[in-house]
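Provide a 3D model corresponding to the input given below.
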Amino acid sequence: MQPIAASGSPQDRRRALTAGRFGDRLLCEPESPSLPVRPSGSGCHALTSREREQFSTEELAKVLSHYDVGIIDDVVEFARGSRRSPKLYLSTQKGNFLLKRRARGKDSAARVLVAHRLQQFLAEHDFPVARLSEARPNGDTLLRLDGYGYELFEYVNGLDYDGGLASTFAAGRTLGEFHKLVAAYVPDPAPPRDCFHDANAVRTGLNAIPSSLSAHDSVVGFEADLEQTINALYQAYDAAASEAERWGVTHTNVQIVHSDWHPGNLLFRDNQVVAVVDFDSVRIAPRVTDLANGALQFSIIATGSDPKDWPDYFDETRMKRFLLGYDQETAVSAEEIQALVPLVIEALIAEAAVPIAATGSFGRMQGFGFLRMIKRKVRWLQKNASRLVTVLSA
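Numbers count the residues shown, from 1 in each chain. Modelled structure (predicted):
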């Protein structure tokens, strides 16, 4: 079977490194980006066709026979997201679409059903999401063929997050709108009820890191340094969890949360959010955990591909602007502001611990160096916690 070749000019096929979420997501290796963003030309770190799974011509013809898209004018490889989940941008008689084959292990029927039903609910309430297409003959939004799962989305024309304050405000406001809209939504089936806060999975990950990194060249001769780093992060995580609990907001306003609110999962136009993408991580959790993760993702500063060059500090102005946007739609209590910094610390540690424990690395970055950077940023947050509360409360 012949793979579908990318069309368009070399410039159209160029993949640019996007500003946005740090680490593996910034380097564009999200495991399950469930919605379209934009065709080749902006987005992920360059990957050759041989490194990515592809559609075959026969597979594409068979899949598209189940959708009513009319005459197809153009097909462009959409090299974004997981290499195990190929995507194609389709220009057709009936509009523009993005076709995705889900990666194996990310195609659980129950998991996809949770995400799809939520997306349909949001679309019905005019929230900015890409609409799902129904497949023949049963009208399902997840098409099952030959052991694979396929999704077809409307294509949303938008831009990457530009780092500006207006876009940051819009990102916070849209999260607030999301939380307000789904506060009474009852998902069926029910998604997981967990999050990064006070999670044994994070502690288990931290404990497993020395084993996962033991054979790595960067650790040889620095075993004591690694142990000290892990111990410092473990203690910081426990302390932050206890501090967050003290403010009484980690068991209130428990509802559907997005759990992956970061710049790479939002599309913008004219400083407004035109699409929120990737609902694969939705779960039931305190809404403040979503707010804290968003505050982290929209304020972290990542300069270059080597984490040792990343600064300790965060962009306080962007963190404040994100919170102001959120508060415009969903009021932020004084207790939530007090709990925000410790929750950001927890989210930061959790973000690194689990993947490094599993693979020894964070995206394309070696795990030990990444953990050292995390420790520096955690210390900065601890040192500046009181001042940040004052800034965010003003």
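
what about the helices in this structure?
10-13, 23-26, 57-64, 109-124, 165-182, 200-213, 223-246, 287-297, 316-329, 334-359, 367-383, 385-393 (DSSP state H).

buried deepest among those, which one?
With neighbours defined as mean count of other Cβ atoms under 10 Å, these peak in mean count at helix 287-297, which reaches a mean of 27. Placement of C-beta: from N, CA and C, glycine included.

so that helix versus helix 316-329, what angle?
With axes from the mean of the first three to the mean of the last three Cα atoms, to 10 degrees defining the directions, helix 287-297 sits at 150 degrees from helix 316-329.

quick one: list the elements packing against helix 287-297.
If contacts are counted by 3 or more Cβ pairs under 8 Å, 6 or more residues apart in numbering; DSSP states H and E, helix 287-297 sits against helix 165-182, strand 254-257, helix 316-329, helix 334-359.

adding distance to residue 379, write these out as CSV.
Shown next, in CSV, are those (distance: least, Cβ to Cβ, whole Å):
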stretch, distance to residue 379
helix 165-182, 25
strand 254-257, 28
helix 316-329, 16
helix 334-359, 10
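
would JSON lines of the ones you listed with mean pLDDT and distance to residue 110 be doable?
Below are those laid out as JSON lines (pLDDT from 0 to 100; distance: least, Cβ to Cβ, whole Å):
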{"stretch": "helix 165-182", "mean pLDDT": "98", "distance to residue 110": "19"}
{"stretch": "strand 254-257", "mean pLDDT": "97", "distance to residue 110": "15"}
{"stretch": "helix 316-329", "mean pLDDT": "98", "distance to residue 110": "30"}
{"stretch": "helix 334-359", "mean pLDDT": "97", "distance to residue 110": "22"}
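
so for residue 126, which of these sits nearest?
Residue 126 lies closest, by Cβ to Cβ, to one member of these: helix 165-182, at 9.5 Å.

re earlier: so which of the helices and strands packed on helix 287-297 gets nearest residue 264?
Per Cβ to Cβ, nearest to residue 264 of those: helix 165-182, 11.4 Å.

ok, back up a step: residue 56 is nearest to which of the helices and strands packed on helix 287-297?
helix 334-359 (29.2 Å).

helices or strands up against that closest one?
Counting contacts by 3+ Cβ pairs under 8 Å, 6+ apart, helix 334-359 is packed against helix 23-26, helix 200-213, helix 223-246, helix 287-297, strand 361-362, helix 367-383, helix 385-393.

which stretch in the ones you listed is the model least sure about?
Of all the helices and strands packed on helix 334-359, the minimum mean pLDDT falls on helix 23-26 (a mean of 33).

sorry, back to before: for the helices and strands packed on helix 287-297, which one sits closest to residue 144?
Residue 144 sits nearest to strand 254-257 of all those, at 25.6 Å, using Cβ to Cβ.

name the strands paired with the closest one and say parallel or antiparallel.
strand 283-286 (antiparallel) (DSSP bridges).

tell me the mean pLDDT over the strand it pairs with?
Strand 283-286 carries an average pLDDT of 97.

stretch 102-117 now?
What stretch 102-117 shows for mean pLDDT is 92.

what are the contacting residues of it?
Here stretch 102-117 makes contact (Cβ atoms under 8 Å, 6 or more residues apart in numbering) with 31-32, 34, 82, 84-85, 132, 141-142, 148-151, 187-191, 279-280, 282.

go with 10 Å
31-32, 34-35, 53, 81-86, 101, 132, 140-142, 144, 147-151, 185, 187-192, 256, 278-283 (Cβ atoms under 10 Å, 6 or more residues apart in numbering).

buried ones among these?
31-32, 34-35, 81-82, 85-86, 101, 132, 140-142, 149-151, 187, 191, 256, 278-283 (16 or more other Cβ atoms under 10 Å).

quick one: the nearest residue to residue 219 once chain neighbours are set aside from residue 362, how far?
Spatial nearest neighbour of residue 219, excluding adjacent residues (Cβ to Cβ, 6 or more residues apart in numbering): residue 213 at 5.0 Å. Distance, residue 213 to residue 362, using Cβ to Cβ, to the nearest Å: 11 Å.

for residue 248, give me its contacts.
Neighbouring residues of residue 248 by Cβ under 10 Å, 6+ apart: 333, 335-336, 338-339.

my bad, should have said residue 64
Taking Cβ under 10 Å, 6+ apart, we find residue 64 in contact with 55, 72, 75, 88, 90, 92, 97, 99, 135, 150, 152.

skipping adjacent residues, who's closest to residue 297 in space?
Distances taken as Cβ to Cβ, 6+ apart put residue 262 closest to residue 297, at 3.8 Å, once the chain neighbours are dropped.

touching, the one you found and residue 302? I think so.
No: judged on Cβ atoms under 10 Å, residue 262 makes no contact with residue 302 at a distance of 11.7 Å.

between the two, who's got more neighbours?
Ranked by neighbour count (other Cβ atoms under 10 Å), residue 262 and residue 302 place residue 262 first, with 23 against 17.

okay, now the unreliable bits of the stretch 1-150 of the chain?
Along the stretch 1-150 of the chain, the model assigns pLDDT under 70 to residues 1-50.

quick one, strands of it?
Secondary structure of the stretch 1-150 of the chain by DSSP state E, counting those that start in this stretch: the strands cover 72-77, 87-92, 95-101, 143-145, 148-154.
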